[in-house]
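>>> got a predicted structure plus its sequence, pasted below:
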Amino acid sequence: MTAAAGRPQGSRPVAVAGAASRPTMTIGEVMAQLSGDFPDVTISKIRFLEEQGLVEPERTPAGYRKFSEADVERLRYVLGAQRDHYLPLKVIKEHLEALDRGFEPPALPGATPVVPRPGGGGADDGVERFSSRAARLRITRGELLRDSGADEELLQALETFGIVSAEPGGPWFDGEALEVVRAAAGLAAFGIEARHLRTFRTAADRELALVEQVVAPLQRQRQGEVAARAGEAARDIAALCVRLHTALVASGVHRLTG
């Protein structure tokens, strides 16, 4: 991916914090991986970036650094942003924090990471909505208002009627909350108020109850393979519920409009 596409040249999409990647590489091995794209990188440079909090490799009991693939991709992003866009480390660190919260890399050189946009409205969007990316997104209240097009009055009404809420014990909203508020803002333009959306909340809760009926027996079994199958089944059933709902509404609209 080139700098013209928004990511630093020579970099791949930065891995987020918590990505499943077992730390196995020494600092020398990391430098060897990066030197092809960044010939000037040194062990001292990697240590300096660690001191600045841009990467946090694990330490062995003896104190040796162990880097994961995710750590390498973070370093690649930092080095590329410095070389290609001349960004200061403070700004790069802000970018990484946003990417860790599920934002997407900037679309233009020198821009900031952006909140993911919804899918293109295809038939499989209902399936794609149940992805880990939406669940991973963490945005503030201000970011939610900015990227949803809603105002504070609408958001407060949605919270009052139990349509949307922040995560328990924290200030963050997730990607699904963002999609809910975006949809509510769009409906508000047609005069549909937050109180009218309580039927959607009720219907969603009933659909979730159906999912739970199927998944609960699988969750009670503690084998790893069965637990994974429970998660897959939950996502499949939820996606089918979304597809069914869409088809029923589309059929009703067709009858209304002839």
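Arrived safely, thanks for sending.
>>> list the residues that contact Leu158.
By C-beta atoms under 8 Å, 6 or more residues apart in numbering, the contact set of Leu158 is 150, 164, 180-181, 184, 194, 197. C-beta: built from backbone N, CA, C; applies to glycine.
>>> selecting buried members of the residues you listed in ChimeraX, what would you type?
Applied in ChimeraX, the following selects the buried portion of the contacts of Leu158 according to 16 or more other C-beta atoms under 10 Å:
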select :150,164,180,181,184,194,197
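>>> which of the contacts of Leu158 fall in helices?
In this view, those that belong to helices under DSSP state H are 180-181, 184.
>>> got any ranges where the chain has weak pLDDT?
For the chain, applying pLDDT under 70 flags the ranges 1-21, 109-110, 118-135, 222-224.
>>> could you list the domains of it?
According to the TED database, the chain comprises the domains 27-101, 128-257.
>>> so which of these is the most surrounded?
Highest mean neighbour count of these: domain 27-101, a mean of 17 (counted as mean count of other C-beta atoms under 10 Å).
>>> mind checking the end-to-end distance for that domain?
Its first and final residues considered, domain 27-101 spans 26 Å by C-alpha to C-alpha, to the nearest Å.
>>> just how off-centre is it within its chain?
What separates the centre of domain 27-101 from the centre of its chain is 22 Å, taken as C-alpha atoms, centre = their mean, to the nearest Å.
>>> now the domains of the chain in JSON lines, with distance to Val115?
Formatted as JSON lines, those follow (distance: least, C-beta to C-beta, whole Å):
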{"stretch": "domain 27-101", "distance to Val115": "9"}
{"stretch": "domain 128-257", "distance to Val115": "4"}
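>>> so which residues of the chain form strands?
Secondary structure of the chain, counting by DSSP state E: strands at 58-59, 65-66.
>>> can you list the strands that the first one pairs with?
In other words, strand 58-59. Strand pairing for strand 58-59, determined by DSSP bridges: strand 65-66 (antiparallel).
>>> re earlier: which one of the ones in helices among the contacts of Leu158 is nearest Lys45?
Set against Lys45, the nearest of the ones in helices among the contacts of Leu158 by C-beta to C-beta is Val181 (42.2 Å).
>>> wait, what's in contact with the closest one?
144, 148, 150, 154-155, 158, 164, 173.
>>> kindly report the same for Ala184.
The neighbours of Ala184, taking C-beta under 8 Å, 6+ apart as the test, are 148, 150, 154, 158, 163-164, 194, 197.
>>> one more pass at 7 Å, please.
150, 154, 158, 163, 194, 197 (C-beta atoms under 7 Å, 6 or more residues apart in numbering).
>>> for the spatially closest residue to Leu75 that is not a sequence neighbour, give me its contacts.
Take Leu75 and drop its neighbours on the chain: the residue closest to it by C-beta to C-beta, 6 or more residues apart in numbering is Val55, 5.6 Å away. Val55 makes contact with 49, 71, 74-75 under the criterion C-beta under 7 Å, 6+ apart.
>>> thinking Val211 is in contact with Arg235, fair?
No: contact criterion C-beta atoms under 7 Å: Val211 and Arg235 do not qualify, at 9.1 Å.
>>> CSV for the strands of the chain, including distance to Ala247?
CSV is the format used below for these (distance: least, C-beta to C-beta, whole Å):
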stretch, distance to Ala247
strand 58-59, 49
strand 65-66, 51
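>>> nearest to Arg101, out of these?
Among these, the nearest to Arg101 by C-beta to C-beta is strand 58-59 (21.7 Å).
>>> which residues sit against that closest one?
For strand 58-59, using C-beta under 7 Å, 6+ apart, the contacting residues are 23, 65-66.
>>> which member of these is positioned nearest Ser44?
Nearest to Ser44 out of those is Arg65 (C-beta to C-beta; 13.2 Å).
>>> please consider this matter closed, and thank you.
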